[in-house]
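1. what follows is a predicted structure for the sequence shown.
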Amino acid sequence: MLNTEKYLKLGPEVREGTALVALESTVISHGLPYPENLVTANALEEVVRSKGATPATIALLDGKIRVGLGPPELKRLATEQNVAKVSRRDLPVVLARKGLGATTVAATMYAASLANIQVFGTGGLGGVHRGATSTFDISADLTELSRTPVIVVCAGAKSILDLALTLEYLETQGVPVIGYKTDELPAFYTSHSGLKLEAWADSAAEIARIARIKWDLGLPGGIVVTVPPPPEADLPPQEIEKAIGRALAAAEQAGVKGKAVTPFLLNAVRLETEGKSLETNVALLKNNVSVAAEIALALLDEGPAEMPEELI
């Protein structure tokens, strides 16, 4: 039997709320600069509330997985130095040391499932890195999606990744990738990747129905819902690709490896685009969590999942 309750602490809003939407904390500590990170963290929670759902920002504090943070905790994540970037493998280490940790997509999914939260709104997925055929650099986000039953609403995988290989990996892992009102995979900063999707949905209710059937059938894992960035924030794909090329060259020259690669590249792209990528990042985050809130509300109408008896 799992012994997780002693490591999990729910905030009062989460304990009392319905239609819960998980929000990650890596975007606060490692994704956006201060003070934009704190402003955005508060804005994302307000977007969820404005839809009638309940935000649940997740992080590690004082030996606990905290699901639902207050203003002091959000400010700590936004301002303190040396906040650990926590994926699934890092959870026991950071909890044992009672450190301050910001959760990635993988860790946020796992924590959300512990708290019975089925929907998670974020910016972009991790995925298969460019050059992974020689480096084997593949994000733990993808394997987490194959085993943890959470709907992840995002703007696709981050443009700095190999998007075609990321889609192939998700297919192999049995993870549905559903376009929200689009049949093309968004490429984070831009709605155009040139990659067609096998499935799409025109409403939150349709996505909730697909998820409910998946889990009723006993199929493991989550679902990726990809939402294009808002039209006013959609950047030209040629501009983004050129900026990413220069950012990748800078990362190789600087010898950046491992967990440091993604934040380095995102910051380099921000500089290359003179801040336009940061504006798009914030806009798509708000858009994604708004859709996530609609899906969370639609799931309430679907009712609880029913596990087939032969799989219990």
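-> Noted; the coordinates are in hand. Numbering: from 1, shown residues only.
2. how close does residue 110 get to residue 288?
-> 19 Å (CB to CB, to the nearest Å). To be clear about C-beta, it is placed using only N, CA and C from the backbone, and glycine gets the same treatment.
3. residue 130 is in contact with residue 261, correct?
-> No. Between residue 261 and residue 130 there is no contact under CB atoms under 8 Å: 10.2 Å.
4. quick one: buried residues of the longest helix seen in the chain?
-> Looking across the chain with DSSP state H, the single longest helix is helix 276-302. By neighbour count with 16 or more other CB atoms under 10 Å, helix 276-302 contains the buried residues 276-299, 302.
5. right, and residue 265 touches residue 248 too?
-> Yes. Look at residue 265 against residue 248 with CB under 8 Å: they come within range, at 6.9 Å.
6. name the residues contacting each of the two.
-> Listed as contacting both residue 265 and residue 248 by CB atoms under 8 Å, 6 or more residues apart in numbering are residue 160.
7. so which residues of this protein form helices?
-> Remark: helices assigned in the chain by DSSP H are 12-16, 26, 36-50, 71-79, 91-96, 105-114, 132-135, 140-147, 163-172, 204-216, 237-254, 261-272, 276-302.
8. contacts for the second one?
-> Going back to what we said before, that points to helix 26. Taking CB under 8 Å, 6+ apart as the rule, helix 26 contacts 85, 86, 102, 103, 104, 105, 108.
9. the nearest residue to residue 175 once chain neighbours are set aside and residue 247: what is the separation?
-> Among residues not flanking residue 175 along the chain, residue 145 sits closest, at 4.6 Å (CB to CB, 6 or more residues apart in numbering). Distance, residue 145 to residue 247, using CB to CB: 26 Å.
10. between the two, who's got more neighbours?
-> residue 145 (28 against 22; other CB atoms under 10 Å).
11. touching, that one and residue 224? I think so.
-> Yes. Residue 145 lies in contact with residue 224 (CB under 8 Å); the separation is 6.5 Å.
12. what touches both of these two?
-> Overlap of the contact sets of residue 145 and residue 224 (by CB under 8 Å, 6+ apart) consists of 152, 170, 175.
13. mind putting those residues into TSV with neighbour count?
-> Output for the shared contacts of residue 145 and residue 224, formatted as TSV (neighbours: other CB atoms under 10 Å):
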residue	neighbour count
152	28
170	22
175	22
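14. mind putting the residues you listed into a markdown table with distance to residue 198?
-> As requested, the shared contacts of residue 145 and residue 224 are arranged in a markdown table below (distance: CB to CB, whole Å):
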| residue | distance to residue 198 |
| --- | --- |
| 152 | 17 |
| 170 | 11 |
| 175 | 12 |
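15. just the closest of the residues you listed to residue 207, please.
-> The closest of these to residue 207 turns out to be residue 152 (CB to CB; 11.4 Å).
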